[in-house]
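In: generate a structure from the sequence data that follows.
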Amino acid sequence: MFELSIVALGADGDGLGHHQNETIFVPGALPGEIVEVERQSPRAAALRSILHASPARVVPPCPLFGACGGCTLQMLRLDALLDWKADRVQQALSEAGFIVVPEPVLFQTAERTRRRLDLGIQRVPNGMVIGLHQRHGPPVDMTTCHVASPEIVALLEPLRLVFSTLGALTGVGDLQINLLATGPDLLLRTANEPTASDRAKLADFARKHSIPRISWASSARSPQRETLAQIAPVNQIFGPLTVSPPTGAFLQATPEGENAIVQAVLRGLPTLNKRDIIIELYAGCGTLTGPLSQKGKVQAYEGDTAAATALRKAQAGHRIDTFNRDLVRQPLSAQEIAKARVVVLDPPYSGAGPQLDAIAASDIADIIYVSCNPKALVKDARSLNKAGYEILDLTVIDQFLWSSEVETVVTFSKDRKRLRKRYPAAA
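Out: Numbering: from 1, shown residues only. Now for the predicted structure:
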């Protein structure tokens, strides 16, 4: 064992220190601390004792902390956590080449508000384990949770009981829960197909617990999904839109986090007239599409067929045209983008890829970029910096409380009038 001074948090939230000219990562350690550690691998060590604690250290509120991998930073005071996430984003934009990075608008979600969870399932000798995974390990039996909605937590014990009776669950599986406006939407993944008895049990469970829909898919991550039980309509509200999302649809993690993202996007819009076009890329089921349609004519592009279909079915009577298009294989060209007044994009974790190159080449005046990955943001923002864009507005959202995940909304602009108003001293 050896002593280590922790100088920063790494991208995954692990304490970072230097020992014998090597960078060492220590889960559970905080900047400013002196800790005693035991090396586990060339670049990782286990925390054995804290010799000098950070003033930002607090007692983790959850009894599962340390075992459950869902919250790796519960020992960090919430305001310090938000500041760290804001610093990560500002550093990413600086690394991308932006000299002027404005102070961000900050938002942090409350405890027990997460409406979307991806859980592991594992049959054990005395029943069924359901919970978030350990870090690089099997699921933890989630008897309590400080981030999930109480409505989801209340379902876990009844789910353990019914899952323990299913023939399809012989070993491990996965469960995705989306808490929609109409109630919980469940997607079960198992290696084995549900038996007739399984289907009957799950249909009865849906009726007993007022679950509008329970679906199944193969654990092999097949896109094919089968509805096992549906006892009521399944809907989600996005601004003026009422959408019936496909099972397993992407939702922002918390309603408050979604609203913070929506408000940041709307704040980034330029002044629009009725004929102005908003191009929205990676639209999903319409999280941003609905609110944007109240500001201009939206052309929404989404690569997932089921999501695009759900959005198209909901667009009637609204200023929305939905297109099912794979933006990796067939990105919009610079010429297609140039017809719009503003582009809004919410790309996947890996970033916008070739689509970003076309956006930068279009010379469109305003771009609103929603990011869930600071590393991808560096790459994409660097392209926009080289194309002459400046940062008009910045919002940092912590909706994955006590994790290293962070959401960002950045408004990039070439509109000199808007930029002069934002930075009058530089005019």
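
In: in the stretch 251-400 of the chain, which spans are helices?
Out: Assigned by DSSP state H, counting those that start in this stretch, the helices in the stretch 251-400 of the chain fall at 255-268, 289-293, 305-314, 334-338, 354-362, 374-386.

In: highest average neighbour count across those helices?
Out: Highest mean neighbour count of those: helix 289-293, a mean of 25 (counted as mean count of other Cβ atoms under 10 Å). All C-beta spots, glycine's among them, are computed from the backbone N, C-alpha and C.

In: possible to save the helices of the stretch 251-400 of the chain as JSON lines with distance to D198 and mean pLDDT?
Out: Below are those laid out as JSON lines (distance: least, Cβ to Cβ, whole Å; pLDDT from 0 to 100):
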{"stretch": "helix 255-268", "distance to D198": "32", "mean pLDDT": "98"}
{"stretch": "helix 289-293", "distance to D198": "36", "mean pLDDT": "98"}
{"stretch": "helix 305-314", "distance to D198": "24", "mean pLDDT": "98"}
{"stretch": "helix 334-338", "distance to D198": "47", "mean pLDDT": "97"}
{"stretch": "helix 354-362", "distance to D198": "42", "mean pLDDT": "96"}
{"stretch": "helix 374-386", "distance to D198": "40", "mean pLDDT": "98"}
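
In: domains for this protein, by residue range?
Out: 2-57, 79-110+244-426, 116-236 (automatic domain parsing).

In: coming back round to it: got a markdown table for the helices of the stretch 251-400 of the chain, with distance to I99 too?
Out: Output for the helices of the stretch 251-400 of the chain, formatted as a markdown table (distance: least, Cβ to Cβ, whole Å):
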| stretch | distance to I99 |
| --- | --- |
| helix 255-268 | 20 |
| helix 289-293 | 30 |
| helix 305-314 | 38 |
| helix 334-338 | 26 |
| helix 354-362 | 18 |
| helix 374-386 | 9 |
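
In: circling back: so which of the domains of the chain is the most surrounded?
Out: For the domains of the chain, the highest mean count by mean count of other Cβ under 10 Å goes to domain 79-110+244-426, at a mean of 19.

In: off-centre distance for that one?
Out: 13 Å (Cα atoms, centre = their mean, to the nearest Å).

In: from L132, how far off is the residue nearest to A365 when sequence neighbours are not counted?
Out: Closest residue to A365 apart from its sequence neighbours, by Cβ to Cβ, 6 or more residues apart in numbering: D415 at 4.5 Å. Relative to L132, D415 is positioned 44 Å away (Cβ to Cβ, to the nearest Å).

In: swap in I121?
Out: Taking Cβ to Cβ, one finds I121 at 11 Å from L132.

In: ditto for P61
Out: Going from P61 to L132 by Cβ to Cβ gives 16 Å.

In: for I121 and L132, list the residues in contact with both.
Out: Common contact partners of I121 and L132 (Cβ atoms under 8 Å, 6 or more residues apart in numbering): P139.

In: all strands for the stretch 301-427 of the chain, in order.
Out: 320-324, 342-345, 366-371, 390-398, 407-413 (DSSP state E, counting those that start in this stretch).

In: partner strands of the third one and their direction?
Out: Pairing partners of strand 366-371, with direction, according to DSSP bridges: strand 342-345 (parallel), strand 407-413 (antiparallel).

In: distance to P212 for those strands - can I get that in a markdown table?
Out: Formatted as a markdown table, the strands paired with strand 366-371 follow (distance: least, Cβ to Cβ, whole Å):
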| stretch | distance to P212 |
| --- | --- |
| strand 342-345 | 30 |
| strand 407-413 | 27 |
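
In: need these in TSV (columns: mean pLDDT and distance to A310).
Out: Shown next, in TSV, are those (pLDDT from 0 to 100; distance: least, Cβ to Cβ, whole Å):
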stretch	mean pLDDT	distance to A310
strand 342-345	99	19
strand 407-413	99	23
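
In: so which of those strands gets nearest P184?
Out: strand 407-413 (23.4 Å; Cβ to Cβ).

In: which other residues reach the closest one?
Out: 89, 93, 252, 257, 261, 264-265, 267-268, 270, 365-372, 374, 377, 381, 384, 389-399, 419.

In: W216 contacts A229, correct?
Out: No - applying Cβ atoms under 8 Å, one finds W216 not in contact with A229, separated by 9.7 Å.

In: for L186, which non-adjacent residue is spatially closest?
Out: I214 (4.6 Å).

In: show the subsequent helix or strand relative to the helix or strand hosting the one you found.
Out: Using DSSP states H and E, I214 maps to strand 213-218. Note on strand 213-218: by DSSP H and E, the next helix or strand toward the C-terminus is strand 225-230.
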